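[1] give me coordinates for this.
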Amino acid sequence: MSTEGGGRVGQVREVTSLANPLVKDIKALALKKFRDQQNAFLAEGLKLVIDALDLGWTIRTLVFAKSGLGNPAVERAAARTVAAGGTVLEVTEKVLSAITRRDNPQMVVGVFEQRYLPLKAVRPAGEDVWIGLDRVRDPGNLGTVIRTADAAGAKGVILIGDTTDPFATETVRATMGSIFAVPVARTSLEGFLDWRKGFSGLVAGTHLKGAVDYRTVRYSGRPALLLMGNEQQGLPEALAAACDVLVRIPQAGRADSLNLAVATGVMLFEARRAALSLPGGAA
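    The predicted structure is shown next:
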């Protein structure tokens, strides 16, 4: 396997024991406490690892199953990891299963440095659309929102208050790699409200008491922030008061609300449609 490259030079190791300290450190990333201590997280799958490397994320460790030996794409990813100063671990499937907590794990797992965008760097312009999520609790919801933001061309996500970890393994899995493409900022409620004072674009929040049909909001010609509430409680009063418009998504059946990720997707694609000046309303 080639290990040549510029900059720092890493190393390649063969690991067969679950008691290996490197394996223990990687397994510990299943817990938020250790992700925060190490400022790291896991991403599973060769495509995700390659995408992350292409987008300039810092890889610390590449773990691959012995069955990956001879696979040109795996070997190129390993060479890039070593060239960047990272460590490559060639492991047994037993070790890989222990790391991923799956019986049939992906052939490749990467350990990357966490990356947050400072809130002060979030400066929407033009017809940029951002998403604000208040205290989102479910990793699957958060991951799906990030993936949907990527698909809809949103510029990023702002996490407000006590939210689930965007770098949890379950969240990263749900993003399907979009965690590497969509900037994520995090802030307190107070920090968000302070940032809001300097944002001159449209803030549209979904609310059960919203009086405006979401399809009638005019997004074109200005940046926008879509503010989505907590899964159980919706937007608190402080955030509702920070909105320029409170909207509702009409329901036709017995359900009185949508899943957070679904509602965010509906709002995002409507904002995209409206910004493209397709037929729409004028609120």
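
[2] what is the neighbour count of G56?
    G56 has 8 neighbours, counted by other C-beta atoms under 10 Å. In short, each C-beta sits where N, CA and C put it, glycine included.

[3] need phi/psi at it.
    Main-chain torsions, G56, degrees, to the nearest 10: phi 90, psi 20.

[4] check what pLDDT it gets.
    Confidence at G56, expressed as pLDDT, is 96.

[5] how far away is it from L133?
    Between G56 and L133 the distance is 25 Å, computed by C-beta to C-beta, to the nearest Å.

[6] likewise V145?
    7 Å.

[7] what about R254, which SS state?
    Counting by DSSP: H, G, I helix; E, B strand; the rest coil, the backbone at R254 sits in coil.

[8] hmm, I typed the wrong one, I wanted L117.
    Counting by three-state DSSP, the backbone at L117 sits in coil.

[9] which neighbours do V145 and L133 share?
    157, 228, 260, 264 (C-beta atoms under 8 Å, 6 or more residues apart in numbering).

[10] the first one and D134 touch, don't they?
    No - V157 sits out of contact with D134 when judged by C-beta atoms under 8 Å, with a separation of 11.7 Å.

[11] looking at V145 and L133, which is more packed in?
    Taking neighbours as other C-beta under 10 Å, V145 and L133 compare with V145 leading, 30 against 26.

[12] what's the spacing between that one and A174?
    Relative to A174, V145 is positioned 9 Å away (C-beta to C-beta).

[13] same check, this time on Y116
    18 Å.

[14] out of the two, which sits in the more crowded spot?
    Shown here are Y116 and A174; by other C-beta under 10 Å, A174 has more neighbours (21 against 14).

[15] pull out the buried positions in the strand or helix carrying the more buried one.
    A174 belongs to helix 169-175 when assigned by DSSP states H and E. By neighbour count on 16 or more other C-beta atoms under 10 Å, the buried set for helix 169-175 is 169, 171-175.

[16] one more: stretch 216-225?
    217-219, 223-225.

[17] before we move on, the earlier item: V157 and D134: which is more packed in?
    Comparing V157 with D134 by other C-beta under 10 Å, the one with more neighbours is V157, at 29 against 26.

[18] so what pairs up with the more buried one in the strands?
    In this entry, V157 is beta-bridged to I131, V184, by DSSP bridges.

[19] gap between V172 and W57?
    Going from V172 to W57 by C-beta to C-beta gives 12 Å.

[20] just checking, F269 touches G153?
    No - using C-beta under 8 Å, F269 makes no contact with G153, being 9.7 Å away.

[21] any weak-confidence spans in the stretch 151-283 of the chain?
    256, 275-283 (pLDDT under 70).

[22] which residues in it form helices?
    Listed in chain order, the helices of the stretch 151-283 of the chain (DSSP state H, counting those that start in this stretch) span 169-175, 189-197, 237-241, 260-275.
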